[in-house]
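Enquirer: Return a 3D structure for these sequence lines:
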Amino acid sequence: MKTRLSKILYDKGWTEMELSRRTGLAQSYINRVKNSRIVPTVRTALKICQALEVSVEDAFIYEENPYGVRRAAYFPRTREFDRV
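Expert: Next up, the predicted model:
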């Protein structure tokens, strides 16, 4: 999931620390969400959006296949299974 948190924070003139203070979340957690390293829970996303006074749709961008991940099954072939 991508975010627009960097742009929103810039537009408001806030830092990650200011958002952290207003939400009660750790600054390091805000940074990981902002840089799309983790996906926040619905409750946490709502808390961030309430503090920023923006809608969830304005702050977060849903991706069907993030980072090109495909849900294909992987079954490695080994000689042990080839003998059966």
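
Enquirer: List the contacts of the closest residue to Thr3 other than its chain neighbours.
Expert: Spatial nearest neighbour of Thr3, chain neighbours left out: Phe60 (5.5 Å); criterion: Cβ to Cβ, 6 or more residues apart in numbering. For glycine as for every other residue, the C-beta is placed from the backbone atoms N, C-alpha and C. With contact set as Cβ atoms under 8 Å, 6 or more residues apart in numbering, Phe60 has these partners: 1-4, 45.

Enquirer: pLDDT weak spots in the protein?
Expert: 65-84 (pLDDT under 70).

Enquirer: how about a cut-off of 80?
Expert: Residue ranges of the chain with pLDDT under 80: 1, 62-84.

Enquirer: Now do the buried residues in the longest helix along it.
Expert: In the chain, with assignment by DSSP state H, the single longest helix is helix 42-52. Within helix 42-52, the residues scored as buried using 16 or more other Cβ atoms under 10 Å are 44-45, 47-49, 51-52.

Enquirer: same question, stretch 23-38
Expert: Neighbour counts over stretch 23-38 (16+ other Cβ under 10 Å) mark 23, 25, 29-31, 33-34, 36 as buried.

Enquirer: Now do the contacts for Asn35.
Expert: No contacts exist for Asn35 under Cβ under 8 Å, 6+ apart.

Enquirer: same check, this time on Lys47
Expert: The contact partners of Lys47, taken as Cβ under 8 Å, 6+ apart, are 23-25.

Enquirer: What sits closest to Ser6 if chain neighbours are left out?
Expert: Distance criterion Cβ to Cβ, 6+ apart; nearest residue to Ser6, sequence neighbours excluded, is Lys34 at 5.9 Å.

Enquirer: typo on my end, it should be Ser20
Expert: Nearest non-adjacent residue to Ser20 (Cβ to Cβ, 6+ apart): Gln27, at 4.2 Å.

Enquirer: still on that earlier bit, can you lay out the buried residues of stretch 23-38 as TSV showing distance to Glu16 and secondary structure?
Expert: Below are the buried residues of stretch 23-38 laid out as TSV (distance: Cβ to Cβ, whole Å; DSSP: H, G, I helix; E, B strand; the rest coil):
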residue	distance to Glu16	secondary structure
Thr23	10	helix
Leu25	10	coil
Tyr29	10	helix
Ile30	5	helix
Asn31	6	helix
Val33	10	helix
Lys34	7	helix
Ser36	14	coil
